[in-house]
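# any chance you can model this:
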Amino acid sequence: MSMRQRSFGVQSRSLGVTVGPASSLPLESEESGSGTSKRSSGPATEERAAVAAALASSASEANEVASSAKISGLLPPPPSAETRLESAPPLNLFDVEATYGTTPTRDLIRSLFVLRTAQMGWLVRYAPTLYRWTQRVPLLRESTNLFIKYTFFRHFCGGETLSECREYVEKLRARGVGSILDYSAEGEAAPMNAAAVGRRRGDGLLLEESDISPDEVRYDGAANVLMTTVQWAGNEARHCDTISCLKVSALARFELLERISEALAIRFGNLTTTHDGTPFLLLGHFDANGLVRAIADSYEFDESEIGMAGAVGMAASGSGAAVDHEPKQPSDSILDHVSLHLFNEYLSPAERLEFARVLCRLDAVCSEARRYRVPMLIDAEQYSIQTAIDFCAGLMMLRHNRSFESDQETPAIMYSTVQSYLKDSPERLKAYRELASRFRFRYGVKQVRGAYMASERRRAAAAGRPDLSPIHDTIEDTHASYNAGLSALIDEVRAGHAAALFATHNVESLQRAVELVGSDSLLRRNAALRFAQLYGMGDSLTFGLVRAGFRACKYVPFGRVDEVMPYLLRRLEENHSALGTAPRDISHFLAELRRRDLRVPL
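Take a look at the predicted model:
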């Protein structure tokens, strides 16, 4: 069955659901051979002869050791500390010529226009309203979308389709940079409390049956696009260090994810009420232990999955040796293992069935990522649905990272995202660390500062509880939170417990990371440690990290113009902010244009 035809139908069986298994694809292993070189010397004196004899003796011993290792199948011994701590390439994050020297002049001028336009406060403030208004008039809709496509879209997105992204991905590979393919369709939040009217009371319990969106086809279509992306990354772009990512809101109704977050918050005791009596997540008081318990209670293991009876209990108690898992493709449904009994009191039967469909879509995409060994990042989103996303991400890690055979190039399959501008970000990072420690797998985390700051504060104010904004009160607190998480994750990567991707445009954080890694060349090139910047932003940072010996990636969003508008509006808002990177990028564009003797007015 082709991906375009694949559906994610669910059959009810005492709230159980079945989904057809994905076909397995053998994973090819690549072996690298080693060659030997010979050299001869003719000594002219007895002293030279003695030196040559000593060198020949040493070479003979080395060859015997190498031959013995090859015969026994052993790997070569690990490099010594002197080898690991060789002199590292210098870090230069502001080399304009090295970054933009090959960029066409027309592209530099377009980028300069886009970022300078983003500095216009009135445009940023009214852009969402203006865009919605133009979409109501056919002629305006066509002209507006065309203008956006060749300006803002071209600057911040790789294309409308994967094939349009191919050229950019290949260019990045030629410069040693990886790609994060992001199908940037996502759900939109309803106005504050709109979903709650007539459905909930102050304790968050369901009052009456909710309306289920009939448009499940759209979510199935998004899942198929994501699976096609993974297949493309695993086949046509397999040599380009390619990663994929997804937004759970592209696979599920936004209001359903809010309901799931509220149900989990009630169990954690982290729910309060707004001025009109509707429930509101108690922001900044996330319970890591509660989330770990909820995930562990919802996932059921069997002997075929873990390889031996009782191994899960042993891992959970922290005793005994780690279990070796055979690398295999899951042949069963996610819902053969996941129970939704935790939500019986808070979700209607129809909502639980809808949630089951969401898990089927999500697991199908993640199974495809595991099949092709393409790391999958689950993006963070608005705070009102983030706990539901963390719950789903934890389930996917537990299912796919536990029995995945890690290697140097693919240390982990599933990554979640932690937003450091949230007051409870340390607790969310702790939840993944504890879950991985309890069930013995390597967890993956993408760390960002966050992209929903303005909307989160507006939401808290609209609810009559501005004191419950989830965002740190000062930017200094956000920087401190990010750097603390960065330090902890690098230690976890060094110990082999985690895989981390640091998505940041902050120079201080990047310099701090480089200092923590030091001259350890193996850690610099370790696939478990990556850095990333957005398409069209911070290019000098990305290429500077690569020149210094690190793995760096570019976030490459794609999708139709109307699908990616929420993403584009966030980029517009972000680059207008005084904390954004637009001024630095603008100065780099101007410097390169002047280097080419093109006079651009300030």
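# can we go C-alpha only for contacts and neighbour counts from here?
Noted.
# would you map out the domains in this protein?
99-157+569-602, 178-558 (automatic domain parsing).
# centre of the chain to stretch 165-178, how far?
Remark: stretch 165-178 is offset 19 Å from the chain centroid, using C-alpha atoms, centre = their mean, to the nearest Å.
# tell me the buried residues in it?
165-166, 169-170, 172-173, 176-178 (16 or more other C-alpha atoms under 10 Å).
# which SSE is immediately downstream of the helix or strand harbouring E427?
Assigned by DSSP states H and E, E427 belongs to helix 425-439. For helix 425-439, the succeeding helix or strand toward the C-terminus, using DSSP H and E, is strand 443-448.
# other residues contacting that next one?
Contacts of strand 443-448 with the rest of the structure, by C-alpha atoms under 8 Å, 6 or more residues apart in numbering, involve 377, 397, 401, 412-420, 432-433, 436, 482, 485-486, 497-504.
# in JSON lines, list the buried residues of stretch 165-178 along with pLDDT, secondary structure and distance to F8.
Formatted as JSON lines, the buried residues of stretch 165-178 follow (pLDDT from 0 to 100; DSSP: H, G, I helix; E, B strand; the rest coil; distance: C-alpha to C-alpha, whole Å):
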{"residue": "C165", "pLDDT": "92", "secondary structure": "helix", "distance to F8": "28"}
{"residue": "R166", "pLDDT": "89", "secondary structure": "helix", "distance to F8": "29"}
{"residue": "V169", "pLDDT": "92", "secondary structure": "helix", "distance to F8": "31"}
{"residue": "E170", "pLDDT": "91", "secondary structure": "helix", "distance to F8": "33"}
{"residue": "L172", "pLDDT": "93", "secondary structure": "helix", "distance to F8": "35"}
{"residue": "R173", "pLDDT": "92", "secondary structure": "helix", "distance to F8": "35"}
{"residue": "G176", "pLDDT": "93", "secondary structure": "coil", "distance to F8": "38"}
{"residue": "V177", "pLDDT": "95", "secondary structure": "coil", "distance to F8": "35"}
{"residue": "G178", "pLDDT": "94", "secondary structure": "strand", "distance to F8": "31"}
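# low-confidence stretches in the stretch 301-450 of the chain?
301-331 (pLDDT under 70).
# so which residues of it form helices?
Per DSSP state H, counting those that start in this stretch, the stretch 301-450 of the chain carries helices over the ranges 303-306, 311-317, 349-372, 383-400, 425-439.
# okay if I get those as a markdown table plus mean neighbour count and distance to W122?
Converted to a markdown table, the helices of the stretch 301-450 of the chain look like this (neighbours: other C-alpha atoms under 10 Å; distance: least, C-alpha to C-alpha, whole Å):
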| stretch | mean neighbour count | distance to W122 |
| --- | --- | --- |
| helix 303-306 | 13 | 56 |
| helix 311-317 | 16 | 55 |
| helix 349-372 | 23 | 39 |
| helix 383-400 | 23 | 27 |
| helix 425-439 | 21 | 32 |
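# among the domains of the chain, which is the most enclosed?
For those, the largest average neighbour count (mean count of other C-alpha atoms under 10 Å) is found in domain 178-558, namely a mean of 20.
# end to end on it, go ahead and measure it.
16 Å (C-alpha to C-alpha, to the nearest Å).
# may I ask you to confirm that F439 is in contact with H400?
No - the criterion here is C-alpha atoms under 8 Å, and F439 misses it with H400 at 11.9 Å.
# for S333, which of the helices of the stretch 301-450 of the chain is the nearest?
Taking C-alpha to C-alpha, helix 349-372 is the member of the helices of the stretch 301-450 of the chain nearest to S333, at 7.6 Å.
# helices or strands next to the helix holding E427 in the packing?
helix 288-298, helix 311-317, helix 383-400, strand 414-419, strand 443-448, helix 475-494 (3 or more C-alpha pairs under 8 Å, 6 or more residues apart in numbering; DSSP states H and E).
# once you drop chain neighbours, what's closest to the residue nearest the centre of the chain?
In the chain, the C-alpha nearest the mean C-alpha coordinate belongs to L377, at 3.0 Å (C-alpha atoms, centre = their mean). Once flanking residues are discounted, L377 sits nearest to C245: 4.3 Å by C-alpha to C-alpha, 6 or more residues apart in numbering.
# before we move on, the earlier item: make a markdown table from the helices of the stretch 301-450 of the chain and add distance to S540 to it.
Listed next are the helices of the stretch 301-450 of the chain as a markdown table, based on distance: least, C-alpha to C-alpha, whole Å:
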| stretch | distance to S540 |
| --- | --- |
| helix 303-306 | 45 |
| helix 311-317 | 44 |
| helix 349-372 | 30 |
| helix 383-400 | 31 |
| helix 425-439 | 28 |
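# how about those helices, which one is nearest G290?
Taking C-alpha to C-alpha, helix 425-439 is the member of the helices of the stretch 301-450 of the chain nearest to G290, at 8.6 Å.
# how far does that closest one sit from its chain's centre?
Here helix 425-439 is found 16 Å from its chain centre; the criterion is C-alpha atoms, centre = their mean.
# for stretch 583-595, same thing?
Using C-alpha atoms, centre = their mean, the offset of stretch 583-595 from its chain centre is 30 Å.
# next: stretch 103-122.
27 Å.
# so what touches it?
123-124, 151-152, 155, 536, 572-573, 575-576, 582, 586, 589-590, 593.
# in this protein, what spans have low per-residue confidence?
1-7, 9-88, 187-214, 269-285, 301-331, 463, 577-580, 599-602.
# and the strands in it?
178-183, 242-246, 271-273, 279-281, 376-378, 414-419, 443-448, 498-503, 529-534, 552-558 (DSSP state E).
# export those strands to CSV and tack on distance to F113?
Formatted as CSV, the strands of the chain follow (distance: least, C-alpha to C-alpha, whole Å):
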stretch, distance to F113
strand 178-183, 25
strand 242-246, 29
strand 271-273, 45
strand 279-281, 41
strand 376-378, 31
strand 414-419, 30
strand 443-448, 27
strand 498-503, 25
strand 529-534, 18
strand 552-558, 20
